[in-house]
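Peer 1: Give me a 3D structure for the following:
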Amino acid sequence: MSLSRQFLIRLKLHASPAYKIAQRAGVNANTLSRLINGIDPVKPQDERIISVGQVIGLSPSECFEKEGEEMTREHK
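Peer 2: Here you go, the predicted structure:
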């Protein structure tokens, strides 16, 4: 399971910095950083990602890549 391209783009282009988005979502900013940078694995339907997605205007299904559509490293 990986984060969707749409999630990563919205997070990076959002008017608020990622740490403020994390705070609003109730997620530790360091944890969010570790998840988006691939240091910690993203679990299917990870509530932390869904919470951040809601803050940036995404539905839970828009936060994750669908099976077989995972991004390659060069597209991250």
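Peer 1: Going by residue numbers, what spans are helices in the chain?
Peer 2: Under the criterion DSSP state H, the chain contains helices at 5-13, 18-25, 29-36, 47-55.
Peer 1: pLDDT averaged over the first one, what's the number?
Peer 2: The reference is to helix 5-13. Mean pLDDT, helix 5-13: 97.
Peer 1: Which secondary structure elements does it sit against?
Peer 2: Where contact means 3 or more Cβ pairs under 8 Å, 6 or more residues apart in numbering; DSSP states H and E, helix 5-13 is packed against helix 18-25, helix 47-55. No exception for glycine: its C-beta is placed from N, CA and C like everyone else's.
Peer 1: could you redo these as TSV and give each row distance to residue 2 and mean pLDDT?
Peer 2: TSV is the format used below for the helices and strands packed on helix 5-13 (distance: least, Cβ to Cβ, whole Å; pLDDT from 0 to 100):
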stretch	distance to residue 2	mean pLDDT
helix 18-25	18	98
helix 47-55	10	98
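Peer 1: rewinding a little: of the helices of the chain, which is nearest residue 62?
Peer 2: helix 5-13 (5.7 Å; Cβ to Cβ).
Peer 1: the inter-axis angle of that closest one versus helix 29-36?
Peer 2: 140 degrees (axes from the mean of the first three to the mean of the last three Cα atoms, to 10 degrees).
Peer 1: now helix 5-13, how far from the centre of its chain.
Peer 2: How far helix 5-13 lies from its chain's middle: 7 Å, per Cα atoms, centre = their mean, to the nearest Å.
Peer 1: Perfect, I'm done here.
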